[in-house]
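Asker: how would this look folded up:
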Amino acid sequence: MGSLQLKRVLITGAAGGLGRTLAKHFAAEGCELVLTDLHEEPLEATRTELSQSGTRCRAYVLDVTDDAAIQDVRRRVHEDLGAVDILVNNAGVVFGGPFLEVPLEQHRLTYRVNVEGVVAMTHAFLPDLMESSRGHLTFIASASGFIGLPNGSTYASSKWAVIGFAESIRAELKARGTRHVGVTTVCPTYIDTGMFTGAKPPKTAKMLDPDEIAKKIVEAVRKEQIWVLEPWIVKVTPFIKNCLPTKIADFVADAFGASSSMDQWQGHGS
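Answerer: Coordinates of the predicted model:
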């Protein structure tokens, strides 16, 4: 893609955490920002801060599980600014704990936000990216999308779905000859945003710094990289999971602490 100057970037879940950090890094590249989030006050605070620094920025309160609201926001964005060039599917929730101790509604909400919301946003805004001279789709998935995650079963499986969806969309765009729309899937371990307070990163790893991972994501969009896998242990996880016998892969996961990483989770859910 090259320069991101003047590209119009829509980021879901932009009021805080990684979404807010990504907004700052895209703003530093000279992008125009479209910020969405369910939480109005922190979203407006983010918009105000970026606008005061000179970034052209609009904010729209949005529940990504509401199809009608997504269409309304798309209409308003087109009226206020025009079509977007880059979509960052960042909004997500996590609820930790033993499967049977987590209320069923929280399991369902995890899928509605992390999977159905991603599909709905992509369905609504992919036509914009296809009409752009250079468009880009970015999916914030997780390293847990490659492995089973005790005490985070629906979160991990929702990210498995995001990875599969992103790969399928990438393959479909390629098959259709739509090569001017790139796709990047981001699979980090735990990021220090508050969502995973109490979780324990795998051995040899640490909580990822939001600024560091945001910088890598923006660079990946610029270079049209297919994957962002951080830290190094995530780069080898697909090989371990898919190429080694299950018992050996399980042993490695246990040895590195991946299987027990959510045992003490106490972070917020969104």
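Asker: please point out which parts of the helix ranked longest in the chain sit buried.
Answerer: The helix of greatest length in the chain, counted in residues with DSSP state H as the criterion, is given as helix 153-175. If you call a residue buried by 16 or more other C-beta atoms under 10 Å, then helix 153-175 has these buried ones: 153-163, 165-166, 169-170, 173. In short, each C-beta sits where N, CA and C put it, glycine included.
Asker: same thing with stretch 211-222?
Answerer: Within stretch 211-222, the residues that qualify as buried are Ile213, Ala214, Lys216, Ile217, Val218, Ala220, Val221, Arg222, counting by 16+ other C-beta under 10 Å.
Asker: so what's the closest residue to Thr55 other than its chain neighbours up against?
Answerer: On the basis of C-beta to C-beta, 6 or more residues apart in numbering, the spatially nearest residue to Thr55 that is not a chain neighbour turns out to be Ala27, at 4.1 Å. In this structure, Ala27 makes contact with Leu33, Leu50, Ser53, Thr55, Cys57, judged by C-beta atoms under 8 Å, 6 or more residues apart in numbering.
Asker: torsion angles phi and psi at the third one?
Answerer: This means Ser53. Here is the backbone geometry of Ser53 (degrees, to the nearest 10): phi -90, psi 0.
Asker: okay, now it: neighbour count?
Answerer: Ser53 sits with 11 neighbouring residues when counted by other C-beta atoms under 10 Å.
Asker: if I look at the closest residue in space to it that isn't next to it in sequence, what pLDDT would I see?
Answerer: Among residues not flanking Ser53 along the chain, Ala27 sits closest, at 7.0 Å (C-beta to C-beta, 6+ apart). The predicted structure scores Ala27 at 97 on the pLDDT scale.
Asker: next, Ala27: secondary structure please.
Answerer: Taken by DSSP: H, G, I helix; E, B strand; the rest coil, the conformation at Ala27 corresponds to helix.
Asker: and it, how far from Ile191?
Answerer: 19 Å (C-beta to C-beta, to the nearest Å).
Asker: before we move on, what about Met1?
Answerer: In this structure, Met1 and Ile191 are separated by 24 Å, where distance is defined by C-beta to C-beta.
Asker: okay, these two: which has more neighbours?
Answerer: Regarding Met1 and Ile191, a neighbour count based on other C-beta under 10 Å identifies Ile191 as having more, with 22 against 16.
Asker: doesn't Ile213 make contact with the more buried one?
Answerer: Yes. Counting by C-beta atoms under 8 Å, a contact exists between Ile191 and Ile213, whose distance comes to 5.9 Å.
Asker: between the two, what contacts are shared?
Answerer: Both Ile191 and Ile213 are contacted by Leu18, under the criterion C-beta under 8 Å, 6+ apart.
Asker: excluding its backbone neighbours, what's nearest Lys215?
Answerer: Leaving out its chain neighbours, Lys215 is closest to His25 (C-beta to C-beta, 6+ apart), at 6.0 Å.
Asker: filter the contacts of Ala27 down to the buried ones and hand me the PyMOL line.
Answerer: Selection command for PyMOL covering only the buried members of those, criterion 16+ other C-beta under 10 Å:
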select buried, resi 33+50+55+57
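Asker: pull the most distant pair out of the contacts of Ala27.
Answerer: When C-beta to C-beta is used, the two most widely separated members of the contacts of Ala27 are Leu33 and Ser53, lying 11.0 Å apart.
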